[in-house]
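**Student:** got a sequence here, can you build the structure:
(chains A, B, C and D)
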There are 2 protein chains.
Amino acid sequence: MKTRNARAREGHAPDASALPPESGGPQIERPAARVTLNDIAAHAGVSRATVSLVLRKSPLVADDTRTRVDAAMAELGYVYNRRAANLRSGASRTVGLVLCEITTPNYAQFTSGVDEVLDGAGYAAFITNSNEDSTRQRRLLVRMQEHGVDGIVLIPAEDTKADVLADAYSAGVPCVVAQRRLEGLTADYVGPDYGAGMELVTEHLIALGHRHIGFIGGVRRIAPLAERLAGFRRALRRHRLKSGPVVPCAVQDRADGYAAARDLLAAGEIPTALVCYNDVVALGVMLALAERGLTPGKDVAVVGCDDVAEAGLSRPALTTFTTDPRVVGREAARLLLRRIENPNRPPEQIIVPPRLIIRQSCGAAPGQRTRAAAPAASPVPRRPARARTA
Amino acid sequence: MKTRNARAREGHAPDASALPPESGGPQIERPAARVTLNDIAAHAGVSRATVSLVLRKSPLVADDTRTRVDAAMAELGYVYNRRAANLRSGASRTVGLVLCEITTPNYAQFTSGVDEVLDGAGYAAFITNSNEDSTRQRRLLVRMQEHGVDGIVLIPAEDTKADVLADAYSAGVPCVVAQRRLEGLTADYVGPDYGAGMELVTEHLIALGHRHIGFIGGVRRIAPLAERLAGFRRALRRHRLKSGPVVPCAVQDRADGYAAARDLLAAGEIPTALVCYNDVVALGVMLALAERGLTPGKDVAVVGCDDVAEAGLSRPALTTFTTDPRVVGREAARLLLRRIENPNRPPEQIIVPPRLIIRQSCGAAPGQRTRAAAPAASPVPRRPARARTA
DNA sequence: TGGAATTTTTAGACCGATCTAAATCTTTGT
DNA sequence: ACAAAGATTTAGATCGGTCTAAAAATTCCA
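**Tutor:** As a prediction, the model looks like this:
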């Protein structure tokens, strides 16, 4: 208790120091007492209200006055106090971003995209990491609200229930769910389309002449596998092809793909092409092929998903598709801004189309490198598709 | 202008909707009017001041009263308004983190470490990305101050001058610089010690019997190379060994290390071991060796730096050291919290020691995997070293 | 039982901005 | 020259908490 009180008192008497020790530069003149609108007003010989108008670039103030006030602000080194402003005006120009994981390259890119758009619009973002822990996630969401954010972007932790955002919604805080769909919630959502991506790479293999195509990776009965497998099968069905062997396996490590492919090869039935759950699996699969004396891209085509950094550097370089996480981030931020501006618009679902990246592992002509979208009769629109929900 | 006004008015009249459309759950009862302390006070039959005391868990309030107030808060669905609280009390429990780049795995890890500690201490972090643009960085720092953060953690953009933080310091905002040293500023700093890391791996090679050791990577006359090369040379000098060939080269792509190593090998003088600027270079070097029929870890030892994900997966797996970016992040956050608590303490420089990770590429016995710190006569302390500046 | 000591509660100023409604100052028209 | 219209400026309430100082309630003890 004593400590607590002591600390509180300390915090109350604002300390003039906390200065850099012996920073070479000129000594600091001003003490740490915050300059306020009143100070500016006094210094410029106008009222506080006028200064406020100048701050907000109101057309009401006379040019002459504006100049005087601007000068006073510069002279006194005024720093705008958003918290105070927000208290009265409501909006905080602040957004909360609750991630399930920061360090995954995918989500780091996503975050970067969100930040880019928000920063451009003058918003600052509270960013936190639930670490796939839905309890922590709930706590973070509450904290965001305590801070009075204007909106929230959420990548739900794995065991998230559809009602996580109930509190936020009932408090009138706009929310956008991103990257992972929340079952049972039809609200604003932005995410990639893995199914379409799988369709894209499979179509590409078919166009190259492959007729016996297998699928490797993914854990049975988990949503992401179902989505990808569905895309794979849609492409096959369109061309009236039967599916080759489907081998589920873990997808964390290339050892997983390696083991799965080795088993498949040992079983004897070797497809001419393998679609992999993701790049990590694909890289492992290529290892297993090489070990068997098969050249990926020549004897067996291999394609992945994600376009991880390693994909472009492996030998042969991996043909894959990207879900453009940075674009997903940008779209999520834009959607949130639209919703903040107009809370009554109908909910929107934005599906960012995949982008095919053709390299050597599929056996395509080496001249052909990257294709921005699917071929002629593409099932996927070129730009982010906006679909209203009924 | 019109739009602007319209928007402002909109913001002012809080909208009751912005609800999720047809979310399966139960319909929302409460409109979006924020519940305040006054509401709680009225409902519980006490004064606003008392409710405030309950909120802050003051020992002054009677248990009976506390229970009643807690019940009222639960019943009305109260959400604490930090902005309002902060306005009066000063501290905002908010910190700004200005990064030069989010997507680099190193900095993503760093961010995660910062977030972990701050979250644990009940702080929320504004996180933004200067994108190596010092103008943008300056803007972001101002914005942080406008939001009234209690402190700032900065990874300076590349062309940052030592006075970036002058404004923050003169406003009394505690700051910690991380990862990249700012020349000419002796203030709180937390960063890795690449020099010691290079010393560590070089010592390890020497302990394995190597006497002819070369160095590959880095751009001449740029600080990071100088620091690493110095560590490399310290280790050699300690054992009275002459340096093998030193080959600078770019360090972005494994193609860079590949080319440099190929040139070196072509020149004929082949060291028994190669210390590489980082893992990416080392992976390229191993490619060049293999191409020449030399087995990394057997014919020529190779070591890197960073412990990127790929390092553990390559064949042979790469011996390297990590600068533990997550630990650096944690330490940076802790230091900032200490400084916030006591702005007058002397500045601190925390250098996080490197950690050696022994795998196969150096030719060590395969049983030996990871060592937490340097051997017996280590020049580097085991735990983060805290050195006060004069 | 009365008054001091202690515990608990509270009124009202305050933080630094925005917002409303009204006051003041300029122009303009006749 | 005077009123109406338009352009600027401003006083004072307000946002939702915290803080201070004092009031009210309770307990303690002679």
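
**Student:** other residues contacting the helix or strand where A:Arg228 lies?
**Tutor:** Taking DSSP states H and E as the definition, A:Arg228 sits inside helix A:223-238. By CB atoms under 8 Å, 6 or more residues apart in numbering or on different chains, the surrounding residues in contact with helix A:223-238 are A:181, A:194-200, A:202-203, A:206, A:213, A:215, A:217-219, A:242-243, A:246, A:248, A:275, A:277, A:305, A:379. Yep, even glycine has a C-beta here, placed from its N, CA and C like the rest.

**Student:** got the phi and psi for the residue lying farthest from the centre of chain A?
**Tutor:** The outermost residue of chain A relative to its centre, with distances by CA atoms, centre = their mean, is A:Gly45 at 48.6 Å. Note on A:Gly45: its backbone torsions stand at phi 70, psi 40 [degrees, to the nearest 10].

**Student:** so what's it closest to, chain neighbours aside?
**Tutor:** A:Arg68 (7.4 Å; CB to CB, 6 or more residues apart in numbering or on different chains).

**Student:** the one you found should be in a strand, yeah?
**Tutor:** No: using DSSP: H, G, I helix; E, B strand; the rest coil, the assignment for A:Arg68 is helix, not a strand.

**Student:** spit out the contact partners of it.
**Tutor:** A:Arg68 is in contact with A:Ala44, A:Gly45, A:Val46, counting by CB under 8 Å, 6+ apart.

**Student:** cool, and A:Asp150?
**Tutor:** Contacts for A:Asp150 were tallied using CB under 8 Å, 6+ apart; they are A:Ala91, A:Ser92, A:Arg93, A:Thr94, A:Val95, A:Tyr123, A:Val173, A:Pro174, A:Ile340.

**Student:** the second one: what's it in contact with?
**Tutor:** A:Ser92 makes contact with A:Arg82, A:Asn86, A:His147, A:Gly148, A:Val149, A:Asp150, B:Arg83 under the criterion CB under 8 Å, 6+ apart.

**Student:** grab the nearest non-local neighbour of A:Glu183.
**Tutor:** Taking CB to CB, 6+ apart as the measure, A:Glu183 lies nearest to A:Ala162, with 6.1 Å between them; neighbours along the chain are not counted.

**Student:** inside helices: which ones of the contacts of A:Asp150?
**Tutor:** A:Ile340 (DSSP state H).

**Student:** would CSV of the contacts of A:Asp150 with pLDDT be doable?
**Tutor:** Converted to CSV, these look like this (pLDDT from 0 to 100):
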residue, pLDDT
A:Ala91, 88
A:Ser92, 92
A:Arg93, 93
A:Thr94, 95
A:Val95, 97
A:Tyr123, 95
A:Val173, 93
A:Pro174, 95
A:Ile340, 94
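
**Student:** just the buried ones from the contacts of A:Asp150?
**Tutor:** With burial judged by 16 or more other CB atoms under 10 Å in any protein chain shown, the buried subset of the contacts of A:Asp150 is A:Ala91, A:Ser92, A:Arg93, A:Thr94, A:Val95, A:Tyr123, A:Val173, A:Pro174, A:Ile340.

**Student:** from those residues, which is closest to B:Asp63?
**Tutor:** Minimum separation from B:Asp63 among the buried ones among the contacts of A:Asp150 (CB to CB) is found for A:Val173, which lies at 33.7 Å.

**Student:** what is the neighbour count of A:Gln179?
**Tutor:** A:Gln179 has 22 neighbours, counted by other CB atoms under 10 Å in any protein chain shown.

**Student:** touching, it and A:Pro192? I think so.
**Tutor:** Yes: A:Gln179 lies in contact with A:Pro192 (CB atoms under 8 Å); the separation is 7.2 Å.

**Student:** any common contacting residues for the two?
**Tutor:** By CB under 8 Å, 6+ apart, the residues touching both A:Gln179 and A:Pro192 are A:Pro325, A:Val328.

**Student:** pull the number of nearby residues for the residue of the stretch 251-390 of chain A at minimum distance from DNA strand D.
**Tutor:** Minimum separation of the stretch 251-390 of chain A from DNA strand D (CB to the nearest atom of the strand) falls at A:Pro343, amounting to 17.4 Å. Using other CB under 10 Å, A:Pro343 has 19 neighbouring residues.

**Student:** returning to what we had before: distance check, the residue nearest to A:Glu183 against DNA strand D.
**Tutor:** The spacing between A:Ala162 and DNA strand D, counted by CB to the nearest atom of the strand, to the nearest Å, is 28 Å.
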